[in-house]
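> pasting the sequence and the predicted coordinates here, then a few questions.
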Amino acid sequence: MNISKEENFSEWYNEIIKEADLCDLRYGIKGFVVIRPWAVKTINLMFSFYERMLEEYGHKPAIFPSLIPEHYLTKESEHVEGFVPECFWVTEAGQHQLKERYALRPTSETAIYSMYNLWIKGKKDLPLKIYQRAQVWRYETKATKPFIRTREFYWLEAHNCFASKEEAERQVLEDMEITQKVVGDIFGIPFIFFKRPQWDKFAGAVNTYTADTLMPDGRALQLPSTHLLGQNFSRAFDVKFMDEDGKERFVWQTCYGPGISRIYAALIAVHGDNKGLILPFSLAPLQVVIVPIFKEESKEAVLRRCDEVAERLKGWRVCVDKSERTPGYKFNYWELKGVPLRIEIGPRDVAANSFVLVRRDSGEKSSHSLESLEEVVRREGEALDQRLKKRAQEWFASRLFSATSLDQLRFDGFVKVPFCSDTLEGKECAEFLKEKYHLHVRGTVLKDKKPDGTCIVCGKSAGVYVYLSRQY
RNA sequence: GGGGGAAUGGGCUAAUCUGGUAUGCUGCCAGCUUUGGGAGCUGGUGAUCUGAGUUCAAAUCUCAGUUCCCCCA
């Protein structure tokens, strides 16, 4: 790596994807990439952390088909408008022309709710909270970029039904909590949850809330989003339950979609440095790499000691790099790969019953006695995750700005501004900011109070604070 | 969606303007030597994106397609 992440993020990103063997772009279909083992291992760990958390919050897993008949997809009118233009369609099978074409799911609401219609009869069937791990396909017209925007991507989607609006609203808050625990606390990626303005909602939703993070160039990247669907879909799919008073009512719904491949992009971008990846201890395919250093006469003893150390650490993901490379090469290689902890063992360490530990985040080297091995690995692993998280948060905080007039706008983070309205009335002002400054209205933050001033664009009395940024 | 650039062994690249033997580095394989921050020597392996056209002759010129990158919407 000899490109600076701070000065040229785009090139740095392309470079690290290639150098660290995260994916291969040579498959030959636009927007479809091959994800390689080192990335898949971390992505799988991210999936499991997420799935465990969803289950703790009462979700159950299911697997729905990836093909959606056109007549399901077109039941909810706004949803049709939003998604049909970007569907891949299956129109033939074997020798046959299909009577009805099938969409490769761009998202699964319509697949899942067509079954909810059959599964939900009464109050005892509610709440219903189901998630699935899935890949989805969208014919994106914007420029594709590995992990950030591809035409096939990997995510989790949770689809919940409730008897009342209040329960559904509570679920939205719970989704935010889940996001904080997983993306914020475990992955160490800072973000802000925005309520999207009315002109920028998920197709078919009453309200959309998204966790947006910042990439090193100050542009926003949308991470998980949760949507209050109200009864839009339950009406379209006739998902009803019999209430206590004997009347049939439509269920209230929410859906939540963390795009894991995209969160992986954020993980790379937020934590990495100019030597390569820096993976959190909890997500690294390899948590500890042991590098032996020896002269011919000490080779046997050093390798034996490395094996003993690896054996004691076998509860973690660990390996001894016995390849025929010089130590310097191995150091650089594993730093590029982002392995959080490195243990070096040479003749001096064998003699002194010690080992050298090097932290990937700081480069700090320290020597420890062998007895403390497990304790040191546990402590430094945790400390590294905490440090990464703190470093990311501090950088993120330094990119939060505010402005009350157009000449104070910035383009390298989130700018909080007084704004006329996040309903359709404000759309014109938002268009102006987009056209003139390429700044997008991310939305409002729930805890913000009503501003005193006037809208930064039109000068009318401001109804809300909104946050602006450039975006991916 | 609009504009621009690019495509040569696995990766990076020279030759392309001015048509004629495809260069170097790296990787990979074998062997010898080597190991506290990207080791060395020797030998070997491997390429002109796809399709059409012009030509005695195409990596090179023309047209079309595909993919990648950058900028703009």
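Cool, got the structure. Quantities reported herein were computed from a predicted structural model and do not represent experimental measurements. Numbers count the residues shown, from 1 in each chain, chains lettered A, B, ... in the order given.
> apart from its neighbours in sequence, what residue is nearest residue A:141?
residue A:86 (7.5 Å; C-beta to C-beta, 6 or more residues apart in numbering). Glycine gets a C-beta too; all of them are placed from N, C-alpha and C.
> wait, isn't the one you found in contact with residue A:140?
Yes. At 6.7 Å, residue A:86 counts as touching residue A:140 under the criterion of C-beta atoms under 8 Å.
> residue A:418: how many residues sit nearby?
Residues near residue A:418, counting by other C-beta atoms under 10 Å, number 22.
> for residue A:295, same thing?
9.
> quick one: residues contacting it.
Residue A:295 is in contact with residue A:347, counting by C-beta atoms under 8 Å, 6 or more residues apart in numbering.
> for residue A:98, see how far away residue A:55 is.
Residue A:55 sits 37 Å away from residue A:98, going by C-beta to C-beta, to the nearest Å.
> oh, that last question was meant for residue A:196, not what I typed.
Taken as C-beta to C-beta, the span from residue A:196 to residue A:98 is 36 Å.
> these two: which has the busier surroundings?
Here residue A:196 and residue A:98 are set side by side on neighbour count (other C-beta under 10 Å), and the busier one is residue A:196, at 22 against 13.
> my read: the more buried one touches residue A:212, true?
No. The pair residue A:196 / residue A:212 is not scored as a contact, 9.7 Å apart, by C-beta under 8 Å.
> what do the two both touch?
residue A:442.
> go ahead and confirm residue A:284 touches residue A:46.
No. Shown here, residue A:284 and residue A:46 do not form a contact pair, counting by C-beta under 8 Å, at 11.5 Å.
> at the contact with RNA strand B, which residues of the stretch 351-472 of chain A appear?
For the stretch 351-472 of chain A, the contact set with RNA strand B under C-beta under 7 Å from any atom of the strand comprises A:356, A:358, A:363, A:365, A:435, A:438.
> now for those, which pair is the farthest apart?
By the measure C-beta to C-beta, A:356 and A:435 form the most distant pair in these, at 56.6 Å.
> more neighbours, the two?
Taking neighbours as other C-beta under 10 Å, residue A:356 and residue A:435 compare with residue A:356 leading, 17 against 9.
> skipping adjacent residues, who's closest to residue A:285 in space?
Distances taken as C-beta to C-beta, 6+ apart place residue A:41 nearest to residue A:285, at 3.6 Å, with adjacent residues excluded.
> host element of that neighbour?
Element membership for residue A:41, per DSSP states H and E: helix A:37-56.
> what distance separates the next helix or strand after that helix from the middle of the whole chain?
The helix or strand immediately downstream of helix A:37-56 is strand A:60-61, counting by DSSP H and E. Distance of strand A:60-61 from the chain centroid (C-alpha atoms, centre = their mean, to the nearest Å) equals 20 Å.
> got it, and stretch A:38-57?
Relative to its chain's centre, stretch A:38-57 lies at 11 Å (C-alpha atoms, centre = their mean).
> buried sites along it?
For stretch A:38-57, the neighbour count (16 or more other C-beta atoms under 10 Å) marks A:38-43, A:45-47, A:49-51, A:53-54, A:57 as buried.
> repeat that for stretch A:201-209.
Result for stretch A:201-209 [16+ other C-beta under 10 Å]: buried residues A:201-209.
> again with stretch A:258-277
The neighbour-count check on stretch A:258-277 (16+ other C-beta under 10 Å) flags A:258-273, A:276-277 as buried.
> so which of the residues you listed also contact RNA strand B?
Applying C-beta under 7 Å from any atom of the strand, the subset of the buried residues of stretch A:258-277 adjacent to RNA strand B is empty.
> what about the residue nearest to residue A:141, how many neighbours?
By other C-beta under 10 Å, neighbour count at residue A:86 equals 14.
> and what of the one 4 residues further on?
By other C-beta under 10 Å, 14 other residues sit near residue A:90.
> show me what the residue nearest to residue A:259 when sequence neighbours are not counted bridges to in the sheet.
Leaving aside its chain neighbours, residue A:259 sits nearest to residue A:155 (4.3 Å; criterion: C-beta to C-beta, 6+ apart). Here residue A:155 sits in beta bridges with residue A:134, residue A:259, going by DSSP bridges.
> show me the shaky parts of the stretch 1-150 of chain A.
A:1-2 (pLDDT under 70).
> mind redoing it with 90?
Within the stretch 1-150 of chain A, the ranges that satisfy pLDDT under 90 run A:1-4, A:6-8, A:10-11, A:14-15, A:26-29, A:85, A:92-96, A:141-143.
> and the residue of it nearest RNA strand B?
As assessed by C-beta to the nearest atom of the strand, RNA strand B sits closest to residue A:30 within the stretch 1-150 of chain A, at 3.4 Å.
> for residue A:225, see how far away the residue nearest to residue A:259 is.
When residue A:155 is compared with residue A:225 (using C-beta to C-beta), they lie 10 Å apart.
> which residues are common contacts for those two?
In contact with both residue A:155 and residue A:225: residue A:257, using C-beta under 8 Å, 6+ apart.
> and the stretch 51-200 of chain A, which residues reach RNA strand B?
A:141-146.
> the residues you listed in strands, which ones?
The strands, defined by DSSP state E, take in nothing from those.
> so how far is residue A:43 from the residue most central in space within chain A?
For chain A, the residue nearest the mean C-alpha position is residue A:263 (2.1 Å; C-alpha atoms, centre = their mean). Residue A:263 sits 9 Å away from residue A:43, going by C-beta to C-beta.
> can you pull the contacts of residue A:410?
Contact analysis of residue A:410 by C-beta under 8 Å, 6+ apart lists A:401, A:403.
> looking at this, it is in a helix?
No. Per DSSP: H, G, I helix; E, B strand; the rest coil, residue A:410 lies outside any helix segment and is coil.
> from the contact counts, what lies against the helix holding residue A:41?
With contacts defined as 3 or more C-beta pairs under 8 Å, 6 or more residues apart in numbering; DSSP states H and E, the packing partners of helix A:37-56 are strand A:128-137, strand A:152-162, helix A:260-271.
> and the angle for the lengthiest helix in chain A with helix A:260-271?
Longest helix in chain A by number of residues, with DSSP state H as the criterion: helix A:373-397. Orientation of helix A:373-397 against helix A:260-271 (axes from the mean of the first three to the mean of the last three C-alpha atoms, to 10 degrees) gives an angle of 90 degrees.
> residue A:28 looks like it's in a helix, true?
No. Looking at residue A:28 with three-state DSSP, it is coil, so not inside a helix.
> returning to what we had before: tell me the one among the buried residues of stretch A:201-209 nearest to RNA strand B.
residue A:203 (18.5 Å).
> need the three-state assignment for that closest one.
Residue A:203 ends up coil, using three-state DSSP.
> so what's the closest residue to it other than its chain neighbours up against?
On the basis of C-beta to C-beta, 6+ apart, the spatially nearest residue to residue A:203 that is not a chain neighbour turns out to be residue A:82, at 2.3 Å. The contact partners of residue A:82, taken as C-beta under 8 Å, 6+ apart, are A:202-204.
> pretty sure the residue nearest to residue A:259 is in contact with residue A:256, am I right?
No. Contact criterion C-beta under 8 Å: residue A:155 and residue A:256 do not qualify, at 10.1 Å.
> these two: which has the busier surroundings?
residue A:256 (25 against 21).
> the more buried one sits in which helix or strand?
With DSSP H and E as criterion, residue A:256 is part of strand A:252-257.
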